[in-house]
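S.K.: What would the 3D arrangement of this be:
(2 chains)
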Amino acid sequence: MSRAGIRRTYGAISGTVLAFIVLPLVVIVWVSFFANRILAFPAHGYTLDWYARALDTDAFRDGFITSVQTALFATAASLALGVPASLGLVRGRFPGRDAVQALLLAPMVVPGIVGGAALFIAFIEVEALLDIQVAGTIGGLLVAHTLIALPWTIRLVSASLASADRAIEEAAASLGAGPLTVLRRVTLPAIRPAIVAAALFSFVISFIDLEKSIFLVGPGRTTLQIALVNYLEWNLDGTVAAVATVQILIVGAALLVSDRYARLAQAF
Amino acid sequence: MSTTVALRSLIKRYGGFTAVDDITLDVPEGQLVALLGPSGCGKTTTLRMVGGFVETDAGSILIGGRDVTRLPPAKRNIGFGFQSYALFPHMSVAQNVAFGLEMRRLPRAEIASRVARALDRVRLSAMSDRLPKQLSGGQQQRVSLARALVIEPSVLLLDEPLSNLDAQLRGEMKLEIRQIQKAMGITTIFVTHDQDEALSIADRIVVMRAGRIEQDGSPEAVFGAPRSRFVAEFMGVTNLLPGTVEGPGLFRLADGNAIRVPGAVAGRGTTVLAIRPERVRISFPGADTEPDMLDAEIEAATYRGLSVEYRLRTTSGLCLTARRATPATGGPVMLEPGARVHVAVPPDACHFVPVEL
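M.R.: Below you'll find the model as predicted:
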């Protein structure tokens, strides 16, 4: 095949793959403005009613608030645990380091539904042992979401630490800075882009989680994703599309911002 | 503020590998010592031990008579110049230079004036608000030098400071470092793998090999009188010919040819004759005659600008390299391979190094 032919084929394959990824999103945004009573083509006119309806639905409003709160907590907790863990994993030399790293990254590769089920069973065991309720409490949900976010933080921050020039830490030390001052004034500022990216990524990962949360939410305290699934059980109208569009905007904005701070591709 | 450095039987092992093997070295006040050697010889590890970045397995380090062996880098009062410059990427030039003074909790006004003076000394006053990534390599190097010197360290330690610069800038920085070092009179240890750099900047050269000191002396001594085959090769001596001293002033090569050598070396038995390639003289048959000329054929010629390097083989099979200055005017610049020539080695170009087993 000629060079131009290869280029065209490559372009066609890339375009097709991209279309498969982007088209469903475009369709969701599009149908959220349809005036149809149920989600169907073609449009019988356009309206913003579904957005108003979504705002009026308690389950979505409460779900949104729960999701944001949970995601904020998961972000804070994954940074509080993930940054020190990354420092230890990248800078430290101790037996079992690789095993600890694998363990901390494991939630990334376990299917969400399996992880959720496992957490649920573990919570029940803890309840049986300690006689306190865990499953279905906000505490249980927060622990689970921290677990979802943590591997992403560790991955991003570790990659940044590993590629940072260690000599700048030595330079600070030679100029009279103690270990804590070196960390505060040199190491952390040098990996700040990765920390910002990790925070935004943690937020998004927690915010969009469905599989783990579905095992762990309690009555009257669902996340937005679960509210959507519950709604879909009995309805198929534009409200779902409107809620989904708002989510796409939030997540898209978060990813754009984090990409400005650190090329996400570099973390993998 | 400047002071002496003393290393006493320093040892550093990594697993079964001894990186630094019993190094003892005294650097007097104000001297610039170059640690010279190929990669893996232990020179950088030695420097990093003095800096406090590598723990010492045995031996001790004294700076100004004070034992600092177990002190962290922050307590040693050293200025360290890194190969990568290691500027803080998120701080401006002025903030980089001020860092060490802030650590010493000096008053703001004094920090500002000392930073200004330090930047002035490296001619970077106009750049004080720039970020490191906005500077050229040479400018970054000067910031790193200013940052290391502004704290008035007892010792300046430089790890291959010129290796990331292009040839022209390297020459300028070399002069600048030497000039500042002399003006401040600061005791300096300078690590390099480049013999030219060491020769032109140092008061004294310590050649290292496999974690040990191979030769320690003035640039003239190390260049002119290498003490071993290793140092000779490292300093660019390409002709190392085994043979025996046969009576006063006569050296018998392994191939049976004899070369006249200075008489004083008589009676040393089997040894290696070291001759720098630029001291080997080439002439055309019949052009002029010198005593003890060998007949040879040119096997290969490499043009090097100011000189041409020849690989020669004598009729008896001996291999020699010679470097001949490119003639300024007249005559062919290069002699062609296959040409027959006469080769002579002046007795005062001959130097002996021990045979290594």
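S.K.: can you map out the helices along chain B?
M.R.: Ranges of helices within chain B are B:43-51, B:93-103, B:108-121, B:137-149, B:167-184, B:195-201, B:219-224, B:229-234, based on DSSP state H.
S.K.: just the stretch 1-150 of chain A next, same as before
M.R.: Along the stretch 1-150 of chain A, the stretches classed as helices by DSSP state H, counting those that start in this stretch are A:3-31, A:49-56, A:58-91, A:97-105, A:112-130, A:138-163.
S.K.: which stretch among those comes nearest chain B?
M.R.: With C-beta to the nearest C-beta as the criterion, chain B lies closest to helix A:138-163 of the helices of the stretch 1-150 of chain A, at 12.3 Å. C-beta coordinates here come from the backbone N, C-alpha and C atoms, glycine included.
S.K.: other SSEs contacting that closest one?
M.R.: When contacts are defined as 3 or more C-beta pairs under 8 Å, 6 or more residues apart in numbering or on different chains; DSSP states H and E, helix A:138-163 sits against helix A:58-91, helix A:97-105, helix A:112-130, helix A:192-207, helix A:213-216.
S.K.: Flag every buried residue along the longest one.
M.R.: The neighbour-count check on helix A:58-91 (16 or more other C-beta atoms under 10 Å in any protein chain shown) flags A:59-60, A:62-64, A:66-68, A:70-75, A:77-79, A:81-83, A:85-87, A:89-90 as buried.
S.K.: swap in stretch B:39-54?
M.R.: For stretch B:39-54, burial by neighbour count (16+ other C-beta under 10 Å) applies to B:41-54.
S.K.: Just list the residues touching B:Arg48, thanks.
M.R.: B:Arg48 sits next to B:Val54, B:Asp159 when contact means C-beta atoms under 8 Å, 6 or more residues apart in numbering or on different chains.
S.K.: what's the answer for the one 10 residues further on, then?
M.R.: For B:Ala58, the contacting residues are B:Ser9, B:Leu10, B:Ile11, by C-beta under 8 Å, 6+ apart.
S.K.: and the last one, what is it in contact with?
M.R.: With contacts defined as C-beta under 8 Å, 6+ apart, the neighbours of B:Ile11 are B:Thr18, B:Val20, B:Asp21, B:Asp22, B:Ile23, B:Thr56, B:Asp57, B:Ala58, B:Gly59.
S.K.: I'd like the distance between it and B:Ala34.
M.R.: For B:Ile11, the distance to B:Ala34 equals 22 Å [C-beta to C-beta, to the nearest Å].
S.K.: you'd agree B:Thr188 is up against B:Pro161?
M.R.: No: using C-beta atoms under 8 Å as the test, B:Thr188 is too far from B:Pro161 to be in contact (10.4 Å).
S.K.: Of those two, which one has the most company?
M.R.: Under the criterion of other C-beta atoms under 10 Å in any protein chain shown, the comparison of B:Thr188 against B:Pro161 puts B:Thr188 first, with 29 against 26.
S.K.: before we move on, back to that, any chance of CSV for the helices of chain B, columns mean pLDDT?
M.R.: Below are those laid out as CSV (pLDDT from 0 to 100):
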stretch, mean pLDDT
helix B:43-51, 95
helix B:93-103, 95
helix B:108-121, 93
helix B:137-149, 92
helix B:167-184, 88
helix B:195-201, 91
helix B:219-224, 91
helix B:229-234, 90
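S.K.: will you turn the ones you listed into CSV that also has distance to A:Phe120?
M.R.: Below are the helices of chain B laid out as CSV (distance: least, C-beta to C-beta, whole Å):
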stretch, distance to A:Phe120
helix B:43-51, 52
helix B:93-103, 51
helix B:108-121, 59
helix B:137-149, 55
helix B:167-184, 65
helix B:195-201, 67
helix B:219-224, 74
helix B:229-234, 69
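S.K.: among those helices, which is nearest A:Val196?
M.R.: Each of the helices of chain B has some distance to A:Val196 by C-beta to C-beta; the shortest is helix B:93-103, at 21.1 Å.
S.K.: Just name the shakiest helix or strand of chain A by mean pLDDT.
M.R.: Ranked by mean pLDDT, DSSP states H and E, the weakest helix or strand in chain A is helix A:213-216, scoring a mean of 74.
S.K.: Run through the neighbouring helices and strands of whatever helix or strand comes next after that one.
M.R.: Counting by DSSP states H and E, the element after helix A:213-216 in chain order, helix or strand, is helix A:224-234. With contacts taken as 3+ C-beta pairs under 8 Å, 6+ apart, helix A:224-234 sits against helix A:58-91, helix A:213-216, helix A:238-261.
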